[in-house]
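A.B. asks: the following comprises the amino acid sequence and a computationally predicted model.
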Amino acid sequence: MTDVARLAGVSQKTVSRVVNNERYVSEEAREKVLRAAAELGFRPNTAARALITGRFRRIGVVSLGSALFGPASLLVALERATRAAGFSFMVANTAEGQPDAIQGAVDWLLAQGVDGIILSEPIDEGQRLRPDSSVPIVSLGRAPGLPDDREALARGRTAAACREAVEHLLGLGHERVWHVAGPQDWWEGRERLEGWAAAHREHGIEPPPPFEGDWSPAAGYAAGRELPPEATAVFCANDDTAIGLIRALTEAGRRVPEDVSVVGFDDIPAAAYLSPPLTTVRQDFEADAIHGLNVLMRLLPGAAEPEADDGGAALRRLVIRDSTAPPLSAKAMPDDIS
């Protein structure tokens, strides 16, 4: 660092600030340091820095080891946000159905050396976390055992988005909206079910019994084969489930949206290219990751104040496409009804 400072014509403190991605460095000075570092082949030694400062510049993340769109997208967004903040990134994956897995993953990360931990755990395994007071932990969802102020994202956003999706269908004239639910040991599965049911109750409507699902197209397909003839609208807990549902409806000769309107959740990349393009709820994983990281950064000793974000209240947004329409009964003119 002394060599870099000499070549760049700046102080060693300025080099340290650039290396640690701190603010309060002019762009001109930053460029000088980066050019000098590249010329000298300088890279910071994280092990040596940890010995001197007691800080690792490393964030640990506990995440469900899953290829599902939501958890995987959030994990990618967290890695990008962490790297942009000048920290390295370490992941400990857990497996579904192992109640002690989250605490075990936290303990492993602490043993490896991290400055803070983010929980991106979507499942309620019935375990209360035993946090380490020396290393701050925040959660992107509910986390029994953590104080409420360590839950980074505002509760109720998912339920509000689900109510909006159901309101859209009821507003088109559908009397009731069926639901293919997510697994109820997932926090998101519960909240999506709650939002769907709440929208009916707000209109004094008794919701129909939900179909049990597991986020998979197969669950949607099974529900589609059992969907009663009077059903004209379905809200699926995610887009993959909606894809399976639409396949079953098509095989049964029920057209989407003419006979049955369908809404999904997630807005996966394929959603806009289905036939018909899928109406769905879009999530902002990047905003969630940035806010979760910022909450953690404010708890780290000596960390720079992160830039302002949405405060964890970014709403999921309903994207209306061609898979929803008024029911045929609402479209029919009086003379057409016999």
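C.D. replies: Received it, and whenever you're ready, just let me know what you need. Values in this document were obtained by computation on a predicted structure and should not be read as measured data.
A.B. asks: low pLDDT regions in the stretch 51-200 of the chain?
C.D. replies: 51-55 (pLDDT under 70).
A.B. asks: can we see that at 50?
C.D. replies: Scanning the stretch 51-200 of the chain with the threshold set as pLDDT under 50 gives 51.
A.B. asks: can you give me the helices for it?
C.D. replies: Secondary structure of the stretch 51-200 of the chain, counting by DSSP state H, counting those that start in this stretch: helices at 69-84, 101-112, 157-171, 187-202.
A.B. asks: redo these as TSV? Include distance to Pro277 and mean neighbour count.
C.D. replies: For every residue, glycine as well, the C-beta is placed using N, CA and C. As requested, the helices of the stretch 51-200 of the chain are exported to TSV (distance: least, CB to CB, whole Å; neighbours: other CB atoms under 10 Å):
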stretch	distance to Pro277	mean neighbour count
helix 69-84	17	19
helix 101-112	38	17
helix 157-171	15	20
helix 187-202	21	19
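A.B. asks: out of those helices, which gets nearest to Glu28?
C.D. replies: Glu28 lies closest, by CB to CB, to one member of those: helix 69-84, at 21.1 Å.
A.B. asks: quick one: closest of the helices of the stretch 51-200 of the chain to Val319.
C.D. replies: Using CB to CB as the measure, helix 157-171 is the one of the helices of the stretch 51-200 of the chain that comes nearest Val319, at 10.1 Å.
A.B. asks: before we move on, the earlier item: so which of the helices of the stretch 51-200 of the chain gets nearest Ala272?
C.D. replies: When those are ranked by distance to Ala272, counting by CB to CB, first place goes to helix 69-84 at 14.2 Å.
A.B. asks: same for the closest one, what does it pack against?
C.D. replies: If you count contacts as 3 or more CB pairs under 8 Å, 6 or more residues apart in numbering; DSSP states H and E, helix 69-84 packs onto strand 58-64, strand 88-94, strand 116-120, helix 285-297.
A.B. asks: sort out which residues of the second one are buried, please.
C.D. replies: What that stands for is strand 88-94. Residues of strand 88-94 classed as buried under the neighbour-count rule (16 or more other CB atoms under 10 Å) are 89-92, 94.
A.B. asks: can you show me the CA trace of that strand as CSV?
C.D. replies: The C-alpha atoms that make up strand 88-94 are tabulated as CSV, following Å, rounded to 0.1, in the frame of the first residue of the first chain:
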residue,chain,number,x,y,z
SER,A,88,-16.5,-10.7,0.0
PHE,A,89,-19.4,-13.2,0.1
MET,A,90,-19.6,-16.6,1.8
VAL,A,91,-22.7,-18.8,1.5
ALA,A,92,-23.8,-21.6,3.8
ASN,A,93,-26.6,-23.6,2.2
THR,A,94,-29.2,-25.5,4.2
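A.B. asks: how far off centre is that strand?
C.D. replies: Here the centre of mass of C-alpha atoms in strand 88-94, compared against the chain's by CA atoms, centre = their mean, to the nearest Å, lies 16 Å away.
A.B. asks: returning to that earlier point: make a markdown table from the helices and strands packed on helix 69-84 and add distance to Val33 to it.
C.D. replies: Output for these, formatted as a markdown table (distance: least, CB to CB, whole Å):
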| stretch | distance to Val33 |
| --- | --- |
| strand 58-64 | 22 |
| strand 88-94 | 20 |
| strand 116-120 | 26 |
| helix 285-297 | 22 |
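A.B. asks: out of the ones you listed, flag the one nearest Ala160.
C.D. replies: helix 285-297 (14.8 Å).
A.B. asks: packing partners of the closest one?
C.D. replies: Under the contact criterion of 3+ CB pairs under 8 Å, 6+ apart, helix 285-297 touches helix 69-84, strand 116-120, strand 137-139.
A.B. asks: quick one, which of the ones you listed is nearest to Glu167?
C.D. replies: Comparison of the helices and strands packed on helix 285-297 against Glu167 by CB to CB identifies helix 69-84 as nearest, at 22.5 Å.
A.B. asks: look up how far Pro183 lies from Glu39.
C.D. replies: Glu39 is 55 Å from Pro183, where distance means CB to CB, to the nearest Å.
A.B. asks: how about Arg282?
C.D. replies: 22 Å.
A.B. asks: for the residue lying closest to Pro131 once chain neighbours are set aside, grab the count of nearby residues.
C.D. replies: Nearest-residue entry for Pro131: Ile137, 5.1 Å, with adjacent residues in sequence omitted and distances by CB to CB, 6 or more residues apart in numbering. Ile137: 25 surrounding residues under other CB atoms under 10 Å.
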